[in-house]
Every structure is written in structure tokens, then in C-alpha cells.
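K.L.:
test case, fold it:
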Amino acid sequence: MRTNSWVVAAVIGLSMATVPGHAAQRQTGREKMDRDLIEISVPGLERLYAEHRYTVTQVTQWYLDRIKKYDGTYKAVLYLDAEGALGRAAAEDAEPKGAQHGALWGVPILVKANTSVQGWVTSAGWKGFAIPGKELVAPKDAMVVRRLKEAGAVLLGQTNMPDFAASDTNISTAGGRTGDAYDVRFSPGGSSGGTATGVAGNFAVLGTGTDTANSIRQPAANNSLVGFLPTRGLTSIAGIEPLDWLRDNTGPLARDVTSAAIALEVMQAEDPLDAWTYRSSTKVEARTYTQYLKKDALKGKRFGVPWFVLNGSPDVYGKGPDAPPLAGAVVPETRGAFMKAVEQLKAAGATVVIDPKILPESFFKQTRQLNTRPYRRQGVDSFLKEFGPPQYHSVAEYEAATGETFPAFMVGGVRPGRDAGSAEEQKKIENNSEAGVIADNEANKNYFAPQTAALTEYEKTLREWKLDGFVYPALQIPTYDETLPGASTAGPYSETGWVNKIGIPAVSVPGGFYADGLPFGLEISGVRWKDGDLLGYAYSYEQATHNRRLPKLVEGARK
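P.N.:
Numbers count the residues shown, from 1 in each chain. Now for the predicted structure:
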């Protein structure tokens, strides 16, 4: 009687699987993979591939396994595309020997749920875009996604986010609550909290975030990550469901500065659908950022501390029940953590200047003169026109197709109890920066004049004080346990939205830990179009301190 060789092999393999030594050998191999991949950087992973230690499929499966093992606890991933990710990985493994690879070849990443990925639902965290049969299925990739794919990245899925990114925490109607990687009871911050928890928990090598007021930097700080907000116009926001398109931006979150720098090199691009990016390649000093990553980049550099960030704005906030703690000043624990970070900056060769005249409350008041609410609907309609599904390409068409009312605050209205003022009549700003044409008669008063005045003051302060940038806490308060009865669901408070209003780059880097073991984030802002310099400062600080440490995750199987 003849026996097929594959049957014999299968029987032998099955038998060997029952041998204790063979099981231990497999376990040892898995433990080695855990050691090799945990906290891996982009260059580190590319080295493993070059040495043929692992295939892209093996690495992708390792990340998928971690998501399945832990994300039932943290709920960072809103949509997991295991089949698509493994298909992409297999295709990359099948590429001929010697094929040219992009900068993110075989790098598993996560994408925020407001960013269009062809064939995926762009929910932006809102259940209204996920109505069965009427989902907002992206017809094409956003520019940043297209660039990531072209560079060889493996997209694992989408991260949870608060509805429309309109929160400082991470609770959504589409995906529920995301917890912080360092303690699931605590807020990870918003609105890129899903990406931040996922990257901090090693669910991916890096991820994308968006930022309207603090939404990359704040959750990066709460998860001991690097969160980079580029100069507005360096990366395209076309294809990203907007919260406020005149302040929105997009950039990477990573566990190390080098990975963030490589991701930014990939994500940056001019895009005909985003006028801010027009001729951006001629404005930026360099489009390759790893050349700036030097350990001594902080030596001889001078940084100021914005006075209003550190000491608050009592004339703005007053002392009423709705005023933030200490009129917006940092609380004592955060001040203490920040001063330790200042000492670390000094030890790395930098000078830090604290003076009441450096970006005082008057500067903060100037930034608050910007009024972008009359133009919010224009941003949403523009997004839906290009990236909406067949059923709707505008707010009006959405309401007609679904029978649902679009949230008022997204089209010029207010959220009761949360937003000041009243609803704004919606207009088109129609600015042509090259020709200087502004269609809305109020646009200069609402937006362009106060933005120019605030940016002028910022740059004047840099010159007069001979500064290379500014340093300050990424949040005014530590993150908190939002599962306690009566705890706020608004999220931990920060005072960094002024950065978006004037379009300058900023980065949050791991700045140490509070006494309770939760992270503190140090933020550095820089000069427009000198994003490379800013990455250099962040790298120098990172290498001098090595402040990040691995969180201890709690298992919870993803359903």
C-alpha cells in the first residue's frame, strides 16, 4: 500500500507538535520574535528584513496577534483589516530579489479613522458615517495614505477617535472608549488617542494622527510618544474628514524620533486638492529629515517658555465656574515635571529662558481673535465632494440620503454647554493666496488679519530674544482616571491650539513620568518650514534622556 509523502509529513509534523521539546522550541522562537520586535524602530525593522530574520508576513502577523491579544482591553483599533494586511505582506514577500523598496517597506502602520483609505469606511469616529448600506466608503486614498502605500507600508487598520476629532479624550459613537496604554482607566487624550494607544502598545510600528488644536501632541504626551505636527502645508489634509479645515493638520506618531522623521519624509507632498501645499517643496529647507538627527543638535540653542502657557491667562478666562484650573496655568505636578525637563534640556547644551515678556497673555488674546467657524461647512462639503460615497457628496446630500441631521457644530453651530457664542452663518472664504483674492468680505477680519498679527508676534519674539524655538508642557494637567463616578469626559486640558492657528511646526516628545507612573510630554515649537531643525532638537533630547519606557499591557481578547 502506497502512502502519499505529504500525508507522512503531516503525520510526522503533528506528532512532533506533541513532543514537549518541540513545543518549547517553538515557544523560544516566539519569545525571540517578541524581544526583536517590541519597541522596534523603522530602521531596526528594515535591518531585520535585510538580514532575512523575518518575512513581512511574519512581522505583520506578530502585530495582528498583539492587537487580538490586547485590544479587547484598550479598544484602540476601530477597524482591523487582517486579510488586506496579510495580502499586502505576502505581495511584498513575493517581490523579486533586488527589487527597490520604499522607506517604509514592510512597516505595519495604523491610520486614524478620519483619513480616507480606498474601500474602508471613513467614519471619523461618528456612527452617522457608518449607517449600514450608507457608509462613507472612501472612493480613493487621501494623499498621505497614497504616499504611505507607495513607500511600502502595510496598513493594519483604523484607529478609534472621538466623533469628528472634537474632543480632548477618545470616546466615540462608532467605537466607544479607548484607554491609555499606561493605564486603561485613564484618558489617552484626543483626538488621535486611538493611534497613540495603539503605537504605545506596540500594535504597529507607527501611525497617523490629525491635529486641529492639540490632537497629535496631547495623546502622544499621554502615551510617551513622539507626535509631530508639521508646518501647515507640508502635508496634505485632502481626504481627511475635517473638524476645522483652516486649522487641521496631519502628521506621524511614533515611539522614536527617527521613525517619525522617516514617516514625515514619506507623508509630505504637494497636492492639487490642498491649496496650502502649493509650492511647499520650494519653501521647506530640506525634504530629507534624518540628516538633522544629531545627538548634539541642542548644543548652543536657545528656547523661550511662553508665559501664558506656564502661568495662565486670568484676563481671558476669569474666575467663573467654567474657567480652567488656575486660569489655564499648568498645575503644580505638571510644572514640576516640566522644570525637570528644562534641566534635561540644559544638560544637553540648550539655554531655556523664562520671562513674563515672552509670548505673554496678549499673544494668547491675539490668537483667540481668529474665527474660523463661518467656514466649517465649506471644509466638510469640499471633503465630501471628493471623498464621499456615491450616495452623498455634500452635507445636504448626506441628510437627504440618510434622513439624519448633520451635527450642527460641524457646520457653524455650537454644542450646548461646551461652545461659547452662537451659531455662525456659513460662508466660503475663497482665498487665493497667490492673487490675494478673498471672496468673503469678513474673511480678513475673521481670519487673515489676526493670523498674520499672531504669526508676526511669534516670529518677532524669536528674533528679539534670539530664540530657536519654544518649550512648554504638552498639557496643562496630567491625564486622569475617567472611569471614576463623576469624572469629566472632556479629556485632559492643554493650551497648545495656538500653534495650529499660525501654522508653525511643533513636536511632543517623552518628557518623563509623574509619580503615579503616567507619562509627561514636553512640547517644542519651531520655525515655519524648518521642520528638520525641530526634529533634530527632539532627537537630541531623546538621545540625552531616553525617557520612554514600555507600558505593561493588560490582556483582553479583541472580539
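K.L.:
can you pull up the most central residue in the chain?
P.N.:
The structure's the chain has its C-alpha centroid closest to residue 209; by Cα atoms, centre = their mean the separation is 2.5 Å.
K.L.:
let me see the contact set for residue 261.
P.N.:
Residue 261 sits next to 289-290, 292-293, 535, 539 when contact means Cβ atoms under 8 Å, 6 or more residues apart in numbering. Heads up, the C-betas are built off the backbone N, CA and C, glycines and all.
K.L.:
any idea which element it lies in?
P.N.:
According to DSSP states H and E, residue 261 maps onto helix 257-267.
K.L.:
mind listing what's buried in that helix?
P.N.:
Buried residues in helix 257-267, counted by 16 or more other Cβ atoms under 10 Å: 257-267.
K.L.:
re earlier: out of the contacts of residue 261, who's the most crowded?
P.N.:
Neighbour tally across the contacts of residue 261 (other Cβ atoms under 10 Å): the maximum, 29 neighbours, falls on residue 535.
K.L.:
what's the burial count for residue 272?
P.N.:
Using other Cβ under 10 Å, residue 272 is surrounded by 10 other residues.
K.L.:
for it, report the pLDDT, please.
P.N.:
pLDDT for residue 272: 97.
K.L.:
same question for residue 423.
P.N.:
Model confidence at residue 423, expressed as pLDDT, equals 88.
K.L.:
sec struct for the closest residue in space to it that isn't next to it in sequence, please.
P.N.:
Among residues not flanking residue 423 along the chain, residue 413 sits closest, at 4.5 Å (Cβ to Cβ, 6 or more residues apart in numbering). When classified by DSSP: H, G, I helix; E, B strand; the rest coil, residue 413 comes out as coil.
K.L.:
can you count the residues close to residue 413?
P.N.:
Residue 413: 18 surrounding residues under other Cβ under 10 Å.
K.L.:
just the one 10 residues further on next, same as before
P.N.:
Here the count is done by other Cβ under 10 Å, and residue 423 has 13 residues near it.
K.L.:
what about it, distance to residue 163?
P.N.:
Using Cβ to Cβ, to the nearest Å, residue 423 is found at 19 Å from residue 163.
K.L.:
one more: residue 445?
P.N.:
Distance, residue 445 to residue 163, by Cβ to Cβ: 30 Å.
K.L.:
again with residue 154
P.N.:
Residue 154 is 28 Å from residue 163, by Cβ to Cβ.
K.L.:
same thing with residue 507?
P.N.:
Residue 507 sits 27 Å away from residue 163, going by Cβ to Cβ.
K.L.:
neighbour count: those two, which is higher?
P.N.:
Comparing residue 507 with residue 163 by other Cβ under 10 Å, the one with more neighbours is residue 507, at 30 against 24.
K.L.:
who touches the helix or strand encompassing the more buried one?
P.N.:
In the assignment (DSSP H and E), residue 507 maps to strand 506-513. Here strand 506-513 makes contact (Cβ under 8 Å, 6+ apart) with 216-218, 220-221, 224-229, 257, 260, 337-338, 340-341, 344, 473-474, 496, 499, 519-526, 534-535, 537-538, 541-542, 545, 547-549.
K.L.:
any idea how far that strand is from the chain center?
P.N.:
Relative to the chain's own centre, strand 506-513 is displaced by 13 Å; criterion: Cα atoms, centre = their mean, to the nearest Å.
K.L.:
pLDDT on it, on average?
P.N.:
Throughout strand 506-513, pLDDT has a mean value of 98.
K.L.:
chain neighbours aside, what residue packs nearest to residue 169?
P.N.:
In space, and not counting its chain neighbours, residue 169 is closest to residue 491: 3.2 Å by Cβ to Cβ, 6+ apart.
K.L.:
pull the contacting residues for that neighbour.
P.N.:
Taking Cβ under 8 Å, 6+ apart, we find residue 491 in contact with 167-170, 187, 189-190, 218.
K.L.:
could you dump those to CSV with pLDDT, distance to residue 40 and secondary structure?
P.N.:
What follows is the contacts of residue 491, written out as CSV (pLDDT from 0 to 100; distance: Cβ to Cβ, whole Å; DSSP: H, G, I helix; E, B strand; the rest coil):
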residue, pLDDT, distance to residue 40, secondary structure
167, 96, 31, coil
168, 96, 30, coil
169, 97, 29, coil
170, 98, 25, coil
187, 98, 27, coil
189, 97, 24, coil
190, 97, 26, coil
218, 98, 25, helix
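K.L.:
can I get these in JSON lines including neighbour count and distance to residue 131?
P.N.:
Formatted as JSON lines, the contacts of residue 491 follow (neighbours: other Cβ atoms under 10 Å; distance: Cβ to Cβ, whole Å):
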{"residue": "167", "neighbour count": "23", "distance to residue 131": "21"}
{"residue": "168", "neighbour count": "24", "distance to residue 131": "27"}
{"residue": "169", "neighbour count": "27", "distance to residue 131": "24"}
{"residue": "170", "neighbour count": "34", "distance to residue 131": "22"}
{"residue": "187", "neighbour count": "30", "distance to residue 131": "28"}
{"residue": "189", "neighbour count": "33", "distance to residue 131": "28"}
{"residue": "190", "neighbour count": "30", "distance to residue 131": "23"}
{"residue": "218", "neighbour count": "35", "distance to residue 131": "30"}
